[in-house]
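S.K.: No letters, just coordinates:
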C-alpha cells in the first residue's frame, strides 16, 4: 500500500507540474511513513517541501495555492492532527465552489493517515472520517487495498473538487500483486470483494482486510459472507450496498471509529430506507467503543476483530 501511494504521487507530479506536495516532514525525510519518499529529490524543494507544525496554515496555504492554479496535495501527519485545520476545511475549502457559484474550483487533496493498529496513542490513532462525510462539498475516500491506493489517489489529485483521502496506516504494509499504474473503479463506487449469500459485511479502509479474514473464518460455521468495500464514503454508492442486502437479507457494518454517530449509522439508514423489506434482521454495527482512544496496550480490545464481527453475524442470523 505504501509503495502504491508513493508511486501515485510520483506519477501525478511527473504528469502535471501544477501538483505540489507539502506538509510536516514530507520533504527530506519522506514523511513519517515514507509515503513521500524521494519526491523532493526528484522534483525539487519548490514542489515538495516541509512546513511548520501548523495544520491550519498548511490547509490555508493549499487553498491559496489552488486559487492560483496549483493542485496541492497536503499531508496531515496523523489523523488527530487534522482538527486544528477543521475550520479551514469546513468553512472555506468545502464551500468555495458554491460560494462562487461554480466559478472557483479548489483541487486540493488532504492525505490523512488514519486509524489504529500501530501501537500509538490518541491523536495518532483516530478515525475522524464521519466529521467530514457530513460536510457538503467534500469528497471522502479510503482505500482498502494497494491497487485502490494508487488509483483512488490519482483520481483524487485529478479531481476539481477537494478530497479528503484517508489512508489506513495499519495497512501501509499490506501486499498485493498489482502492476502499476492501475485504474480501478472510480470514486463513488463500492466493490464486492467477496461474494456470499448468508450476510453482508460492509467496511472501508483498514477494516476491509479484517472483514475478509472474518468471512474466511465464517466458513467453519457454514456461512458464506459477502464483503463489500465501500471505498468512497462521499459520494456514496447506495446501489451496490442495497443490491447486496437484497441478496443476503443481513447487514453488518464494520469500522474502527466508535459506533455512536459513526459512518455505519449512515449505511444503516440507507439500507433501512432503500431495502427495508429485504432485511431479515436489523442492521448491526461493529466499531470501537464509545471512549477516547485508549492506551496502546489496550487498543487490541478496543478495535473490531474477527471474533467481534462473527459475533455480530451470529446475532443477526439468530434474530
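M.R.: Received it, and whenever you're ready, just let me know what you need. As the structure is a prediction and not an experimental result, all values here were calculated from the model.
S.K.: which SSE is residue 241 in?
M.R.: helix 238-248 (DSSP states H and E).
S.K.: average model confidence for that helix?
M.R.: What helix 238-248 shows for mean pLDDT is 98.
S.K.: buried stuff in it?
M.R.: Residues of helix 238-248 classed as buried: 240, 241, 242, 243, 244, 245, 248 (neighbour count, 16 or more other C-beta atoms under 10 Å). Placement of C-beta: from N, CA and C, glycine included.
S.K.: can you tell me how far the fourth one sits from residue 251?
M.R.: I take that to be residue 243. Computed with C-beta to C-beta, to the nearest Å, the distance linking residue 243 and residue 251 is 12 Å.
S.K.: for the chain, what's the longest strand?
M.R.: Counting residues, the longest strand found in the chain (DSSP state E) is strand 251-258.
S.K.: Which strands border it, and is each parallel or antiparallel?
M.R.: Using DSSP bridges, strand 251-258 pairs in its sheet with strand 199-203 (parallel), strand 284-288 (parallel).
S.K.: who touches the most centrally placed residue in the chain in this structure?
M.R.: Taking C-alpha atoms, centre = their mean, the centroid of the chain lies closest to residue 142, which sits 2.1 Å from it. Neighbouring residues of residue 142 by C-beta atoms under 8 Å, 6 or more residues apart in numbering: 114, 129, 165, 166, 167, 168, 204, 205, 230, 231, 233.
S.K.: do the same with residue 20
M.R.: 13, 46, 47, 48, 65, 70, 71, 72, 73.
S.K.: now do residue 196
M.R.: Applying C-beta under 8 Å, 6+ apart, the residues near residue 196 are 215, 223, 224, 225, 226, 227, 248.
S.K.: now the fourth one, which residues is it bridged with?
M.R.: Same thing as residue 225. Where residue 225 sits in a bridge, its partners, by DSSP bridges, are residue 199.
S.K.: mind checking how far the residue nearest to residue 281 when sequence neighbours are not counted is from residue 154?
M.R.: Distance criterion C-beta to C-beta, 6 or more residues apart in numbering; nearest residue to residue 281, sequence neighbours excluded, is residue 319 at 3.6 Å. Distance, residue 319 to residue 154, using C-beta to C-beta: 42 Å.
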